[in-house]
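K.L.:
Here is a sequence together with a model predicted from it:
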Amino acid sequence: MDDLSIVLVGAAGQGIQTVEQFMVNLFKMTGYNVYATKEYMSRVRGGMNSTELRIGSGKKRVRAYVDRIDLLIPLHKNAIEHVQHRLSKSTIILTDPDLINQREYPDYQCIAVPFTKIKKEIGSKFMNVFAVGVLSGIFRIPEKSALQFIKQRFETKGELILNKNINSFNRGHKKGETLKDIIPEMEKEPNVINEILLDGNQSVGLGAIAGGCNFISAYPMSPSTGTLVFLAQHSRKFDIVVDQAEDEIAAINKAIGAWYTGARGIASTSGGGFSLMSEGLSLTGMIESPLVIHLAQRPGPATGLPTRTAQGDLNLALNAGHGEFHRIIFAPGSIEQAFFLTQHAFNLADALQIPVFILTDQYLVDSYYNVPPEDMNIIGIRHAFIETDSEYKRYVYTKNGISPRGVPGFGEGFVRIDSDEHDEWGHITEDLRGVREKMIDKRIYKKGLTISQIEPPIPLEPFGSEEFDTLVICWGSSYLIVKEALEELNDSQIAGVHFSQVFPVPKNTKSVLHEAKNLLLIEGNATGQFLKLLKLYTDIDIKKNRVYLKSNGEPFSVEEVISFIRSKIKGGK
Amino acid sequence: MGNPFDYNTEEIAWCPGCGNFTLHKTLKEALTELGITPEETVFVSGIGQAAKLPQYMKGHMFNGLHGRPLAVAMAIKATNPELTVIVNSGDGCIYGEGGNHFNQQILRNPDITVITHNNQVYGLTKGQASPTSDKGMETPVQIYGVSNEPFNPIAAAVALDASFVSRVFVGDQEKTKDIFKAAIKNKGFSLVDAFSPCVSFNKLNTFKWYKENTYILDDSHDPTDRMQAFQKAIETKKYPLGIIYRNSSKRTFWEATMIYETNKSPLYKRKLNMDALKQFIESKKEL
């Protein structure tokens, strides 16, 4: 077996997240490539949540969501029902006799593990650590290092709590050891131990820091909150001003105010919050302010499904804001890309004086895996503001439409900006033929040409097979899912292509897509937003029946992508 | 006779006789007398007739969106505490469209001065009611007269324990100048609600009306006494002018932002410690 999928299911408040967090750490420190993602309800108690943990054997990296469940740990009586559509004959279920009657599930391999017994014997809060012990035993995680980890996590909670956790862990571990033969032993890869673990939100946050971000004002909103939390927690170390905004309207205006003084601000939110930011986004267009926006998508309209995933706000990012102005939209497909592109976004926003989006989604921001630290590519901060002289004009006409940006207090000049149409000095004007036309030419046409030459470019590079006649197009968070699907299919005629820069579409888009006889497209919305964008900007039209749209709030799974591709190859080219 | 803040006066778009002229002149004098230079000052505004004031002031200018100047001003001061940040906008901008920003910035206590040109009417959109319009005032929209309670910015600011709460009538230039100076000097959020008559659209609250319906607080008023301040704040028969409330003991937003604890320099002058970042990335071995 190359890899295993372990799924934990329980109610909110049962501590599933603790088990996930502990096991991800323990698997990694043992030398397993590891991946985790979660799906959860928008509630603090009750409901049914699940976490998928995957571990790879040896060098195999696991970085995508699969439907398959090899080992299921249901910690609630309704847990099996919650994931029943993902079970197969080979699924092993660790069932607690007090919760689940094994005879009701004759199609699966059920093994009794009394998870809830620990509640009566040690206390209700210790079931999750008992479960960590059971998994550690099954997966042969060295007891000594696991115990050290448990101690480290609970040492501040007082001796009584610490000892109860140790006791629970030990009992779980003992039980797990008796079950280790139910799972074939996985090969370890020692290099994994020195790799780092990040989720998408942390990666965006880390990319922001590496990109020189030193200001965040944000209103908490799932699934983007993790970015705010991450930046707040490391604000002291990296000189970041943190403000929990009164609303998203304030948040974006504050971020723009920060850029005005030469700081680098980020607006981080989800669709509903971003709707409120439209007005501020338009302000960046008029005053030519740089801005980076992290838009972590979740399904809409309105409140929608607050904790689920979607790729439904591409049109919003593309069209938000009154009036006409430029923007760039990046949609990272991996932890490494999120880190790289967020840094790139800060430098580009600064250089071009436009808003740059990092379009993520719940699936990406809530997924973890281990990454070699050298794959976290630091590109360096390139500040574009200048020291002004006494003749300084903020909106001076230039060849490429970009007027050097001064900041107040740096140099002798005055930095005067206006949300009204303005002249070179930044003064309000209604000179339509003289100034307005020149300003439009400067902002839209000249700058537009510059933006089409984004440096460094992010060209499209097909992955998978080099010679192909079928090309599977994806963007944003589905990248690693499609990649694994193609690896599984292992068909020399099929390759994939991922857009991490969705707007403007990369220059070589047409030539790459024309290499394929058949184009397939996968995206997480109901109307084919990227499909339409491609048609509009490249004239490439993909028939609706060659497009896989999913918008129910779940991520794509590797299996779903495989069966979609298979159905389209078989279905005649 | 020139003032260092003089700028573009030939462009002024206010109606002849507008209260903003005296406010403009008085503010320039106050700044100069405090020894503040245009180079260190950022004038922030929203949209409206009052919000045009920075267009006619030498200094840095952020003439942003309607209702949003307080959010912008707070961020400017938070990212460069060396700058003097002064907001000029109208009652519609600051108390109406930006009402929540007004409340919430007071709670943060950024070290900024907010001058609301309060004419109790919408000027630029030609005469509709503003949040501070008196009840009963007839307008093209409020055809049966204003029915809303007028917003009381002074009482609201005292309730929010603002650092500095004051009211002036721009017709009294000397007193206005003193209050401007005190407000700018105050370390924290300073509100100056400035009665500034609109000669074109408010036929009710005229120069004469303000003269008759205001009085200057005397020394018996102790602005550090919050109960007294509340009492003065809710007087509407005749509006008290002067410093109504002050609480100078509060930490400002940027003082509470720990990154300035040992290093006072503005963010644009700082450099990211790349070695610390690399070490930090390599240390992320556990969740």
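P.N.:
Okay, I see it.

K.L.:
Pick out the residue of the stretch 101-250 of chain B closest to chain A.
P.N.:
Among the residues of the stretch 101-250 of chain B, B:Gln104 lies nearest to chain A; the distance is 3.7 Å by CB to the nearest CB. Placement of C-beta: from N, CA and C, glycine included.

K.L.:
how about that residue, phi and psi?
P.N.:
phi -80, psi -30 (degrees, to the nearest 10).

K.L.:
which intervals of the chain have sub-threshold pLDDT?
P.N.:
As the question left the chain open, I've gone with chain A. A:570-573 (pLDDT under 70).

K.L.:
my bad, chain B
P.N.:
For chain B, applying pLDDT under 70 flags the ranges B:1.

K.L.:
can you give me the helices in it?
P.N.:
For chain B, applying DSSP state H gives helices covering B:19-33, B:69-79, B:91, B:99-108, B:153-159, B:173-185, B:207-212, B:226-233, B:253-256, B:274-282.

K.L.:
can you list contacts of the longest one?
P.N.:
Counting by CB atoms under 8 Å, 6 or more residues apart in numbering or on different chains, the neighbours of helix B:19-33 from elsewhere in the structure are B:3-6, B:12, B:14, B:41, B:49-50, B:53, B:56-57, B:86, B:88, B:115, B:117, B:119, B:170-171, B:173, B:176-177, B:180-181, B:184, B:194-199, B:207.

K.L.:
That helix to helix B:173-185, inter-axis angle?
P.N.:
Put simply, helix B:19-33 runs at 60 degrees to helix B:173-185, going by axes from the mean of the first three to the mean of the last three CA atoms, to 10 degrees.

K.L.:
cool, the fourth one as well?
P.N.:
Angle, helix B:99-108 to helix B:173-185, by the same axes, to 10 degrees: 60 degrees.

K.L.:
Run through the neighbouring helices and strands of helix B:99-108.
P.N.:
helix A:248-260, helix B:69-79, helix B:153-159 (3 or more CB pairs under 8 Å, 6 or more residues apart in numbering or on different chains; DSSP states H and E).

K.L.:
Include mean neighbour count when you put the ones you listed into a markdown table, please.
P.N.:
Output for those, formatted as a markdown table (neighbours: other CB atoms under 10 Å in any protein chain shown):
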| stretch | mean neighbour count |
| --- | --- |
| helix A:248-260 | 29 |
| helix B:69-79 | 30 |
| helix B:153-159 | 22 |
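
K.L.:
Tabulate these in a markdown table, adding columns for distance to A:Gln152.
P.N.:
Shown next, in a markdown table, are the helices and strands packed on helix B:99-108 (distance: least, CB to CB, whole Å):
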| stretch | distance to A:Gln152 |
| --- | --- |
| helix A:248-260 | 36 |
| helix B:69-79 | 36 |
| helix B:153-159 | 47 |
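
K.L.:
so how far is A:Leu206 from the closest residue to B:Glu282 other than its chain neighbours?
P.N.:
Take B:Glu282 and drop its neighbours on the chain: the residue closest to it by CB to CB, 6 or more residues apart in numbering or on different chains is A:Pro373, 5.0 Å away. According to CB to CB, to the nearest Å, A:Pro373 and A:Leu206 sit 11 Å apart.

K.L.:
Name the residues contacting each of the two.
P.N.:
If you check A:Pro373 and A:Leu206 against CB under 8 Å, 6+ apart, the residues they both contact are B:Ile281.

K.L.:
So between those two, which is more surrounded?
P.N.:
Higher neighbour count among A:Pro373 and A:Leu206: A:Leu206, with 28 against 14, using other CB atoms under 10 Å in any protein chain shown.

K.L.:
Correct me if wrong, but that one is in a strand.
P.N.:
No. Membership of A:Leu206 in a strand is not supported by DSSP: H, G, I helix; E, B strand; the rest coil, which gives helix.
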